[in-house]
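Trainee: Dropping a prediction and its sequence here:
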Amino acid sequence: MFQGMPLTGAAGGGIVSLIVPLVLMVAIFYFLMIRPQNKKQKQRNSMLGQLKKGDKIVTIGGLHGTIAEITDDVVVLRVNDVTKLTFDRNAISSAVARDTAVE
(Lines give C-alpha, C1' and ligand atoms only; values in the text may rest on other atoms or scores of the structure.)
Protein backbone atom coordinates (compact mmCIF):
# COMPACT_ATOMS: atom_id res chain seq x y z
CA MET A 1 0.00 0.00 0.00
CA PHE A 2 2.84 2.46 0.81
CA GLN A 3 5.28 1.21 -1.79
CA GLY A 4 4.89 4.21 -4.16
CA MET A 5 5.50 6.91 -1.51
CA PRO A 6 8.99 8.52 -1.44
CA LEU A 7 11.11 8.58 1.69
CA THR A 8 11.71 12.21 2.72
CA GLY A 9 14.63 11.63 5.09
CA ALA A 10 16.77 9.55 2.70
CA ALA A 11 17.55 12.33 0.16
CA GLY A 12 19.28 14.72 2.62
CA GLY A 13 21.44 17.72 1.72
CA GLY A 14 18.96 19.26 -0.65
CA ILE A 15 20.12 22.29 -2.59
CA VAL A 16 23.38 22.67 -0.64
CA SER A 17 24.77 19.51 -2.23
CA LEU A 18 24.13 21.07 -5.65
CA ILE A 19 25.56 24.53 -4.92
CA VAL A 20 28.85 23.50 -3.24
CA PRO A 21 30.35 21.77 -6.33
CA LEU A 22 29.27 24.68 -8.54
CA VAL A 23 30.95 27.21 -6.23
CA LEU A 24 34.11 25.08 -6.14
CA MET A 25 34.23 24.90 -9.94
CA VAL A 26 33.87 28.69 -10.24
CA ALA A 27 36.63 29.23 -7.65
CA ILE A 28 39.00 26.82 -9.42
CA PHE A 29 38.25 28.46 -12.78
CA TYR A 30 39.03 31.90 -11.31
CA PHE A 31 42.35 30.88 -9.75
CA LEU A 32 43.55 28.86 -12.75
CA MET A 33 42.37 31.05 -15.63
CA ILE A 34 41.29 34.60 -14.79
CA ARG A 35 43.77 35.62 -12.09
CA PRO A 36 46.95 34.66 -14.02
CA GLN A 37 45.64 36.47 -17.11
CA ASN A 38 45.06 39.65 -15.07
CA LYS A 39 48.63 39.43 -13.71
CA LYS A 40 50.07 39.12 -17.23
CA GLN A 41 48.00 42.09 -18.41
CA LYS A 42 49.27 44.26 -15.53
CA GLN A 43 52.89 43.30 -16.31
CA ARG A 44 52.40 44.11 -20.01
CA ASN A 45 50.82 47.49 -19.25
CA SER A 46 53.69 48.26 -16.88
CA MET A 47 56.26 47.32 -19.54
CA LEU A 48 54.53 49.46 -22.17
CA GLY A 49 54.35 52.39 -19.75
CA GLN A 50 58.09 52.26 -19.00
CA LEU A 51 59.28 52.34 -22.62
CA LYS A 52 61.62 55.20 -23.51
CA LYS A 53 63.55 56.45 -26.49
CA GLY A 54 66.54 54.18 -27.13
CA ASP A 55 64.94 50.97 -25.82
CA LYS A 56 65.36 47.90 -28.00
CA ILE A 57 62.08 46.08 -28.55
CA VAL A 58 60.46 43.25 -30.51
CA THR A 59 57.07 43.69 -32.18
CA ILE A 60 54.34 41.06 -32.29
CA GLY A 61 55.39 40.41 -35.90
CA GLY A 62 58.95 39.62 -34.83
CA LEU A 63 60.55 42.87 -36.03
CA HIS A 64 63.51 44.02 -33.90
CA GLY A 65 64.21 47.72 -33.60
CA THR A 66 65.18 50.65 -31.40
CA ILE A 67 62.65 53.26 -30.32
CA ALA A 68 63.38 56.56 -32.11
CA GLU A 69 60.23 58.43 -31.02
CA ILE A 70 57.37 57.52 -28.70
CA THR A 71 53.97 59.05 -27.94
CA ASP A 72 50.94 57.80 -26.02
CA ASP A 73 49.81 55.40 -28.75
CA VAL A 74 52.44 55.49 -31.54
CA VAL A 75 56.03 54.25 -31.57
CA VAL A 76 58.56 55.02 -34.31
CA LEU A 77 61.19 52.29 -34.58
CA ARG A 78 64.61 52.65 -36.15
CA VAL A 79 65.43 49.35 -37.83
CA ASN A 80 68.75 50.44 -39.34
CA ASP A 81 70.46 53.78 -40.00
CA VAL A 82 67.97 54.96 -42.63
CA THR A 83 64.77 52.97 -42.02
CA LYS A 84 62.14 54.19 -39.57
CA LEU A 85 58.82 52.38 -39.16
CA THR A 86 55.73 53.58 -37.30
CA PHE A 87 53.81 51.12 -35.12
CA ASP A 88 50.93 51.21 -32.71
CA ARG A 89 52.15 50.94 -29.12
CA ASN A 90 50.07 47.77 -28.65
CA ALA A 91 52.12 46.08 -31.41
CA ILE A 92 55.11 45.84 -29.06
CA SER A 93 55.62 42.32 -27.76
CA SER A 94 58.58 42.78 -25.43
CA ALA A 95 61.46 45.03 -24.50
CA VAL A 96 64.81 43.35 -25.16
CA ALA A 97 67.28 45.71 -23.52
CA ARG A 98 67.57 49.31 -22.47
CA ASP A 99 70.26 51.29 -24.28
CA THR A 100 72.07 53.66 -21.92
CA ALA A 101 73.39 55.96 -24.67
CA VAL A 102 70.38 57.88 -25.98
CA GLU A 103 70.96 59.91 -29.12
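Mentor: That came through fine. Residues are numbered from 1 along each chain as shown.
Trainee: all contacts plus neighbour counts: C-alpha atoms, from now on.
Mentor: Will do.
Trainee: ranges for the strands of this protein?
Mentor: When secondary structure is read from DSSP state E, the chain shows strands at 55-59, 64-70, 74-78, 84-88, 92-98.
Trainee: quick one, which of these is nearest to residue 16?
Mentor: strand 92-98 (46.5 Å; CA to CA).
Trainee: Kindly calculate the angle that that closest one makes with strand 74-78.
Mentor: 50 degrees (axes from the mean of the first three to the mean of the last three CA atoms, to 10 degrees).
Trainee: Could you tell me which ranges of the chain sit under the pLDDT cut-off?
Mentor: 1-13, 97-103 (pLDDT under 70).
Trainee: residue ranges for the helices of it, please.
Mentor: Under the criterion DSSP state H, the chain contains helices at 16-29, 35-49.
Trainee: thinking again about what came up before, right, and the strands of the chain - which one's nearest residue 14?
Mentor: So among the strands of the chain, strand 92-98 is nearest, using CA to CA, at 51.1 Å.
Trainee: Against residue 23, how distant is residue 82?
Mentor: Distance, residue 82 to residue 23, using CA to CA, to the nearest Å: 59 Å.
Trainee: Those two: which has the busier surroundings?
Mentor: The neighbour comparison of residue 82 against residue 23 (other CA atoms under 10 Å) goes to residue 23, with 11 against 6.
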